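A.B. asks: quick one: sequence plus predicted model below, questions after.
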Amino acid sequence: MQFSEWPSLTAQIELADTLYGARENDRIAAWFEQQVERIDDPAFARRFSDHIDLPGIVQGDYNHRHVRVGGRHLLGGIRFYGQDITRPFVEVFAHDFDTWETLGDCVAAEWRNFNPRHMRILAVSDTVLPPAAMVDMSIYAARYRDMGAPDGHVSLAAFGSAEEAVAMVAERYADTRRRNPVLAQNVSAANTGDLHIWHRKGQALAIRATVDGVTTTVGLLAIAPGAIAWIDGDQINEEVVATASNGRGFASCAQRAWARLPGMDRDRLLIGTIHRLNTASRRTAISAGRRAVMDYVFLPLT
């Protein structure tokens, strides 16, 4: 199977040309090949079967599937939202169906033993979708050279210890649970182990802001090389601003300050996912100069 033979990937191929240059599609090819390899990869299936015991489900059911129905094809796999086995959905990576309804019918029938209520697709952000579609989260991206200039009142510095970084993240998410429990159910804090690694590598930095001549730590920004689907670059893995300092643009200024750090490849992308309910992070991304390039979208199954 060649990725270029799947009509649903045409818009993504065009986006890759925009982000990385004409005919720069090795990233999509590698990502697509990984999804295909998971059709017959027992180790991948064990990521699910070693921790999940569902009635009527065997290990191979967790592998990806290349489904052929009525001359149409799709490549997809079962997933669980937030690792919650009561919230199964089917990730559709590629297909050549001509309507969303027939695609949904095929998905519902093929994975009926999981009883999924939704399928999820990855669509370029200007894709026309049916009214029932619901964005799960969006991928925001920008080249460093296209981001705005930093605010001289905001800077980035190392934390004194990893524990300081861990405490700041824990405090901010605890406050989110109190103030916005719905959002808290759909976003999760970076784990302690990752924060320690990022701190050691200089990838988790304190956001320092100067207000009325006084400089204090107001947040944390953790960025490391990564990839979301086939889009690679420097990925925002965690970003928090203390509640008392919200609404002053510190997070946006911190992203712009990162983009101007010495030694940065000006053509490299700063990427990250933002949940649909996280309006503050969307405003931050847009203010920093990043834009939504693709959306993970849920479509209901009947």
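C.D. replies: On my side now, so go ahead. This one's a predicted model, so the numbers in the text were calculated from it and none came from an experiment.

A.B. asks: quick one: furthest residue from the center of the chain?
C.D. replies: G213 (37.2 Å; C-alpha atoms, centre = their mean).

A.B. asks: can you read off the backbone torsions of it?
C.D. replies: The phi and psi torsions at G213 (degrees, to the nearest 10) take the values phi 80, psi 0.

A.B. asks: now A158
C.D. replies: According to degrees, to the nearest 10, A158 has phi -70, psi 140.

A.B. asks: residue contacts, it?
C.D. replies: 199, 202, 205-206 (C-beta atoms under 8 Å, 6 or more residues apart in numbering). The C-beta positions use only the backbone N, C-alpha and C, and glycine is treated the same way.

A.B. asks: contacts for stretch 120-140, please.
C.D. replies: Under the criterion C-beta under 8 Å, 6+ apart, residues 8, 11-12, 14-15, 79, 89-93, 100, 228-229, 231, 271-276, 282, 285, 290-300 lie in contact with stretch 120-140.

A.B. asks: check those residues for burial and list the buried ones.
C.D. replies: 8, 12, 15, 79, 89-93, 100, 228-229, 231, 271-276, 282, 285, 290, 292-299 (16 or more other C-beta atoms under 10 Å).

A.B. asks: mark which of the residues you listed are part of helices, please.
C.D. replies: Taking DSSP state H, the ones among those that sit in helices are 12, 15, 100, 282, 285.

A.B. asks: check N186 and give its pLDDT.
C.D. replies: With respect to pLDDT, N186 scores 87.

A.B. asks: for it, give its distance to T215.
C.D. replies: To T215, N186 is 34 Å away according to C-beta to C-beta, to the nearest Å.

A.B. asks: what lines up beside the top strand by length along the chain in the sheet?
C.D. replies: Criterion DSSP state E: the longest strand present in the chain is strand 214-228. Paired neighbours of strand 214-228 in the sheet (DSSP bridges): strand 204-211 (antiparallel), strand 231-241 (antiparallel).

A.B. asks: next, Q35: secondary structure please.
C.D. replies: Taking DSSP: H, G, I helix; E, B strand; the rest coil as the rule, one finds Q35 in the helix state.

A.B. asks: so it sits against H64, correct?
C.D. replies: Yes. At 5.8 Å, Q35 counts as touching H64 under the criterion of C-beta atoms under 8 Å.

A.B. asks: mutual contacts of the two, please.
C.D. replies: Common neighbours of Q35 and H64 (criterion: C-beta under 8 Å, 6+ apart): 75, 77, 93.

A.B. asks: which SSE is I197 in?
C.D. replies: According to DSSP states H and E, I197 maps onto helix 192-200.

A.B. asks: can you pull out the residues in contact with that helix?
C.D. replies: Contact with helix 192-200 is made by 158-159, 161-162, 165-166, 169, 190, 203-204, 222, 224, 237-238, as judged by C-beta under 8 Å, 6+ apart.

A.B. asks: one more: stretch 49-56?
C.D. replies: For stretch 49-56, the external contacting residues (C-beta under 8 Å, 6+ apart) are 58-59, 62, 80, 85, 113-114.

A.B. asks: let's have these in JSON lines, adding secondary structure.
C.D. replies: Formatted as JSON lines, those follow (three-state DSSP):
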{"residue": "V58", "secondary structure": "coil"}
{"residue": "Q59", "secondary structure": "helix"}
{"residue": "Y62", "secondary structure": "helix"}
{"residue": "F80", "secondary structure": "strand"}
{"residue": "I85", "secondary structure": "coil"}
{"residue": "N113", "secondary structure": "helix"}
{"residue": "F114", "secondary structure": "helix"}
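
A.B. asks: and W111, what does it touch?
C.D. replies: Per C-beta under 8 Å, 6+ apart, neighbours of W111: 76, 78, 88, 90.

A.B. asks: for the residues you listed, work out which two are farthest apart.
C.D. replies: The most widely separated members of the contacts of W111, counting by C-beta to C-beta, are G76 and P88 (12.3 Å).

A.B. asks: and the two? Which one has more around it.
C.D. replies: G76 (24 against 18; other C-beta atoms under 10 Å).

A.B. asks: doesn't that one fall inside a helix?
C.D. replies: No. Counting by three-state DSSP, G76 falls outside a helix, being strand.

A.B. asks: I'm done for today, thanks for sticking with me.
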